[in-house]
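Visitor: pasting the sequence and the predicted model now:
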Protein chains: 2
Amino acid sequence: MPTETEQYCKKATIFSEGEEANCVYQITSGAVRTCKLFSDGRRLINAFHLPGDIFGLENCSTHRFTAEAIVETKVRMTRRLSLVDTMANWTREAGATSFLGLITRNLQHAENHMLLLGRKTALEKVAAFLHEMDTRLDHPNVMDLPMSRRDIADYLGLKLETVSRALATLRDEKVMGFDGSTQRRIVLLDRRRLVELDT
Amino acid sequence: MPTETEQYCKKATIFSEGEEANCVYQITSGAVRTCKLFSDGRRLINAFHLPGDIFGLENCSTHRFTAEAIVETKVRMTRRLSLVDTMANWTREAGATSFLGLITRNLQHAENHMLLLGRKTALEKVAAFLHEMDTRLDHPNVMDLPMSRRDIADYLGLKLETVSRALATLRDEKVMGFDGSTQRRIVLLDRRRLVELDT
DNA sequence: CGAACCCTTGACTTGAATCAACATAGGTGG
DNA sequence: CCACCTATGTTGATTCAAGTCAAGGGTTCG
């Protein structure tokens, strides 16, 4: 029988790449990044996880990513045995479709992200990022991004200065604007242009 | 009951992105590329498929990639109903592990490829490509690549000239060499250096 | 207050893209 | 067999998008 516990994390590592994978996690509140690191410090953030999202599900005994809370975060941990067992439990509860849906959603995100990383310009990447966040946050009037410019850069395969410049361009072109003094609070002014830029 | 047919393809499209996905394919001989296209012609090849590989398995009703044979190719087509049904059949035959293994292998490949596309230099990308092909072809003495420089470039997020230059560098550094007059026949001379470059 | 971050902006450098020329291989048909 | 054509690949010269380096402002927090 799987056991569940709640856990708070304040800007801390939840698990590291290569560690044994004993649990699956679901975010209750906050935000988490999952990333891979080179020995020389280069980093790529694979995905940002927002409330409701599940992460840490592996088909092998160890985690393939490092997971870190980027703001104060609450996660629900579920002990797991193996992916096959997890699937069996899940399937009994909610149908195989929902389990496969989770995995293939990850796969589809990765496929689209490869296209972004390999073939989009800096401006297109940043526009795509804003569009993705807007969609995932269900088109709020004001977006409060939980991640830093460096995190955005490592998600998009850019440097943080380039992200900052691209955002300045989008601001100058009135595609978006900053709300108040904090630069993480963003208002989308022209979603049509944004989608065009996203391609 | 799934029906199977054999099919030969000579450098032709097997299915296109957005088409209805009625079949799953397994390569008997030859090679296939799966790719995504922008409206302006930019292309990213997601994966190369070699004999034994399965491709075209989707969780939705339509294909998310275009699949094209890049040399004379023989594929085995299996009619499919849905991913859940496919899984059920498969599971009965070979165990859920093998089915999940297939999906998660795709996922892991995509995850590693994102790291490559987002954070590796041109030389590292080409080295990683040679290393991947060497591994998948089971370390032959001589590698006969089925794909053109353009295909390699679109797989690595580069331009074909850059791939050519990177290969020239590796040749000059005696990491690899060309065998005979054709530039697609490659001999790896220093697999250790290759792996170092791959990081 | 100072220290530690985070973000922006400017000046400059650089790695890969672009543009261009040329070489070679393979196929076709006279 | 050769002349021609198209594919494919290499290499050199130049350009440009993004990276690097550097300075400065704004917040937060002890």
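Guide: Sure thing, it's come through.

Visitor: which residue ranges form the strands in chain A?
Guide: Applying DSSP state E to chain A gives strands spanning A:4-10, A:13-15, A:23-29, A:32-37, A:43-49, A:54-55, A:66-69, A:72-79, A:143-144, A:176-178, A:185-188.

Visitor: what's the closest non-adjacent residue to the spatially most central residue of chain A?
Guide: In chain A, the centroid-proximal residue (CA atoms, centre = their mean) is A:F48; its distance is 1.2 Å. Leaving aside its chain neighbours, A:F48 sits nearest to A:R33 (5.6 Å; criterion: CB to CB, 6 or more residues apart in numbering or on different chains). In short, each C-beta sits where N, CA and C put it, glycine included.

Visitor: bridging residues for the one you found?
Guide: A:F48, A:E68 (DSSP bridges).

Visitor: quick check: residues of chain A near DNA strand C?
Guide: Applying CB under 7 Å from any atom of the strand, we find that chain A lies next to DNA strand C at A:148-150, A:160-161, A:163-165, A:167-168, A:178, A:183-184.

Visitor: list only buried entries from the residues you listed.
Guide: Among the residues of chain A next to DNA strand C, those buried by neighbour count (16 or more other CB atoms under 10 Å in any protein chain shown) are A:R149, A:V163, A:S164, A:L167.

Visitor: what about chain A, any weak spots by pLDDT?
Guide: For chain A, applying pLDDT under 70 flags the ranges A:1-2, A:81-83, A:86, A:90-98.

Visitor: mind checking how far the longest helix along it is from the chain centre?
Guide: Longest among the helix segments of chain A by residue count, using DSSP state H, is helix A:96-119. On the basis of CA atoms, centre = their mean, to the nearest Å, helix A:96-119 sits 12 Å off its chain's mean C-alpha point.

Visitor: for it, packing partners?
Guide: If you count contacts as 3 or more CB pairs under 8 Å, 6 or more residues apart in numbering or on different chains; DSSP states H and E, helix A:96-119 packs onto strand A:43-49, helix A:83-94, helix A:122-136, strand B:43-49, helix B:83-94, helix B:96-119.

Visitor: may I see those organised as JSON lines, with distance to DNA strand D added?
Guide: Shown next, in JSON lines, are the helices and strands packed on helix A:96-119 (distance: least, CB to the nearest atom of the strand, whole Å):
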{"stretch": "strand A:43-49", "distance to DNA strand D": "12"}
{"stretch": "helix A:83-94", "distance to DNA strand D": "35"}
{"stretch": "helix A:122-136", "distance to DNA strand D": "4"}
{"stretch": "strand B:43-49", "distance to DNA strand D": "13"}
{"stretch": "helix B:83-94", "distance to DNA strand D": "34"}
{"stretch": "helix B:96-119", "distance to DNA strand D": "9"}
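
Visitor: so which of the ones you listed gets nearest A:D154?
Guide: strand A:43-49 (4.6 Å; CB to CB).

Visitor: now what about stretch A:134-147, what contacts it?
Guide: Contacts with stretch A:134-147, where a contact means CB atoms under 8 Å, 6 or more residues apart in numbering or on different chains, come from A:30-31, A:33, A:48, A:50, A:70-71, A:130, A:133, A:152, A:155, A:179, A:184-188, A:191, A:194.

Visitor: sorry, back to before: out of the helices and strands packed on helix A:96-119, the one nearest B:E20 is which?
Guide: For B:E20, the closest of these is helix B:83-94, at 14.0 Å, according to CB to CB.

Visitor: quick check: the gap between the residue nearest to A:G30 when sequence neighbours are not counted and DNA strand C.
Guide: Nearest non-adjacent residue to A:G30, counting by CB to CB, 6+ apart: A:T73, 2.7 Å away. A:T73 sits 15 Å away from DNA strand C when distances are taken as CB to the nearest atom of the strand, to the nearest Å.

Visitor: list the contacts of A:T73.
Guide: Here A:T73 is in contact with A:Y8, A:C9, A:K10, A:I27, A:S29, A:G30, A:A31, A:V32 (criterion: CB under 8 Å, 6+ apart).

Visitor: how about the residues of chain A that lie near DNA strand D?
Guide: A:T121, A:A122, A:L123, A:G157, A:L158, A:K159, A:E161, A:T162, A:S181, A:T182.

Visitor: the third one: neighbouring residues, count only.
Guide: Okay, so that is A:L123. 17 (other CB atoms under 10 Å in any protein chain shown).

Visitor: which residues does it contact?
Guide: By CB under 8 Å, 6+ apart, the neighbours of A:L123 are A:A166, A:T169, A:L170, A:L197.

Visitor: which non-adjacent residue is nearest the last one?
Guide: Same thing as A:L197. Leaving aside its chain neighbours, A:L197 sits nearest to A:A127 (3.6 Å; criterion: CB to CB, 6+ apart).

Visitor: what is the neighbour count of the one you found?
Guide: Neighbour number of A:A127 under other CB under 10 Å is 25.

Visitor: A:R79 now?
Guide: Counted with other CB under 10 Å, A:R79 comes out at 12.

Visitor: with A:A67 instead?
Guide: Neighbour count of A:A67, defined by other CB under 10 Å: 23.

Visitor: and the gap between the residue nearest to it when sequence neighbours are not counted and B:S98?
Guide: Closest residue to A:A67 apart from its sequence neighbours, by CB to CB, 6+ apart: A:I14 at 4.3 Å. Counting by CB to CB, to the nearest Å, the gap from A:I14 to B:S98 is 30 Å.

Visitor: columns distance to A:R42 and neighbour count on top of the contacts of A:T73, output as CSV?
Guide: What follows is the contacts of A:T73, written out as CSV (distance: CB to CB, whole Å; neighbours: other CB atoms under 10 Å in any protein chain shown):
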residue, distance to A:R42, neighbour count
A:Y8, 30, 13
A:C9, 25, 20
A:K10, 26, 9
A:I27, 26, 20
A:S29, 31, 13
A:G30, 26, 20
A:A31, 22, 20
A:V32, 20, 23
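
Visitor: chain B: which of those is nearest?
Guide: Of all those, chain B sits closest to A:V32, with 16.3 Å by CB to the nearest CB.
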